[in-house]
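Q: No letters, just coordinates:
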Ligand code: FDA
């Protein structure tokens, strides 16, 4: 026999559980369908197992979208303080780690448990694990063809998230169904992801894998995307964060941040000594005795980095090797002309690199792009051209910076939808 519901939510992750719980507590008959064996894997592994569940500084400025203002309404209606009230009600404690980022004191399991209890309080029905084979429109709503039998619902919520970490069961399901109902999609791509380089170019730096330091990263878009005013990338993005060398390229919070802005062919610029004037510091250090250039740099950087970076003198940056900077590492500062030290200082503050790719969805934290916000009402997340169909969470073209913003978008869009169902 067919099961009939007021609303079916596909995807029992952060946004889906929130939407289901809110709608069910308003008295709606809600079913939550998910194909995974284990509940909310991405919440579980997030924040190193402690879930960076929001950021106190959340505002539309930390989100990338073709319409950067789209998230405003949902964030205002349900912001970080509202989620903290929910955690308080469930006696979950947290702490601030870095720049407004809030983490659980214990484990991310406690956030999953809060959502599970909220769903139970509304009497949400579960179909999990359960594969959805297809979705169709019919009089009075939608019909889901699932391996547990057909499900009929007046409203359908697509909440299957993005394609990051396919090994955890991530799929493009929401995008496929949205397309089936005629909704436009902003091209999805891996975001918050390490950047990679051509193996030959990266060879001089591969031995630095594991070295990390604070840098200032800058990205300037080579060309506006999508043309004109509706470009989804700001022309310039800058982050002061840690950078991590890897065997294949660069990672760490700063690179993850800049990766959401980067497109193939774009350079990134790295200031390897932010807040200092390395040109003047190197010239001034000449009077300090017999130390080599590498030794002088090792006072600001890890020694391994100073030696390898000077030996390479920037060949991986795609620019012609600067002979003026070649073989400087072993030379005594006192023997090097000021002009060359100033050129070195300049290079340290403006190391320009051309990544050749990203580490892909396997290593990405999120997918950017998704269902075009122009297709959705920003208060209800309902599709304008398909009444009764809602899309929430990461499946929407709203991508937060690193630091708890993506979960906040999941909670906010989930609540907005749950209240509107
Ligand atoms: P989410 O991915 O949570 O849920 C989607 C659900 O849909 C899953 O349960 C999945 O099984 C299900 N599903 C998928 N395809 C399906 C199909 N075909 N049929 C049925 N069900 C299907 N963000 C943040 O703010 N702070 C953080 O600390 C982190 N940390 C972090 C670490 C790592 C390693 C990753 C990969 C990601 C993060 N994130 C994060 C990002 C955050 O996890 C992500 O943005 C949210 O979980 C998105 O919430 P959604 O509900 O949209 O999707």
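A: All right, it came through fine. On a predicted model such as this, the values are computed, not experimentally measured, just so you know.
Q: before we move on, what SS does residue 188 have?
A: strand (DSSP: H, G, I helix; E, B strand; the rest coil).
Q: out of everything not next to it in sequence, what's closest to it?
A: The shortest distance from residue 188 to any non-neighbouring residue, by Cβ to Cβ, 6 or more residues apart in numbering, is to residue 369 (4.0 Å). From N, CA and C alone the C-beta is placed, and that goes for glycine too.
Q: what's around that neighbour, how many residues?
A: Using other Cβ atoms under 10 Å, residue 369 has 24 other residues around it.
Q: Now do the contacts for it.
A: 185-189, 397, 399 (Cβ atoms under 8 Å, 6 or more residues apart in numbering).
Q: Among the residues you listed, name the buried ones.
A: 185-186, 188-189, 397, 399 (16 or more other Cβ atoms under 10 Å).
Q: follow-up on the earlier one: residue 50: which of the contacts of residue 369 is nearest?
A: Distance to residue 50, by Cβ to Cβ, is smallest for residue 399 among those, at 22.0 Å.
Q: so what's that closest one bridging to?
A: residue 64 (DSSP bridges).
Q: how close does the residue in the stretch 1-150 of the chain positioned nearest to the ligand sit to residue 170?
A: Closest contact between the stretch 1-150 of the chain and the ligand, by Cβ to the nearest ligand atom, is at residue 13 (1.8 Å). Distance, residue 13 to residue 170, by Cβ to Cβ, to the nearest Å: 10 Å.
Q: Compare neighbour counts for these two and give me the winner.
A: Using other Cβ under 10 Å, the more surrounded residue of residue 13 and residue 170 is residue 13, with 25 against 21.
Q: Contacts only, for the one residue in the stretch 251-400 of the chain that gets nearest to the ligand.
A: Per Cβ to the nearest ligand atom, residue 393 is where the stretch 251-400 of the chain lies closest to the ligand, at 2.3 Å. Under the criterion of Cβ under 8 Å, 6+ apart, the neighbours of residue 393 are 11, 13-16, 159, 161, 409-410, 413-414.
Q: Could you work out the most separated pair of the residues you listed?
A: So, the contacts of residue 393 by Cβ to Cβ: farthest apart are 11 and 409, at 14.3 Å.
Q: circling back: now the residue of the stretch 1-150 of the chain closest to the ligand: how far from residue 295?
A: Taken as Cβ to Cβ, the span from residue 13 to residue 295 is 51 Å.
Q: cool, and residue 272?
A: 17 Å.
Q: who has more neighbours, those two?
A: Legend: neighbour count by other Cβ under 10 Å for residue 272 and residue 295, higher for residue 272 (21 against 18).
Q: Buried residues, the helix or strand bottoming out on mean pLDDT in the chain. List them.
A: Taking mean pLDDT, DSSP states H and E as the measure, the chain has helix 303-312 as its least confident helix or strand, at a mean of 88. Within helix 303-312, the residues that count as buried by 16+ other Cβ under 10 Å are 305-312.
Q: cool, and stretch 284-301?
A: 285-286, 291-298, 300-301.
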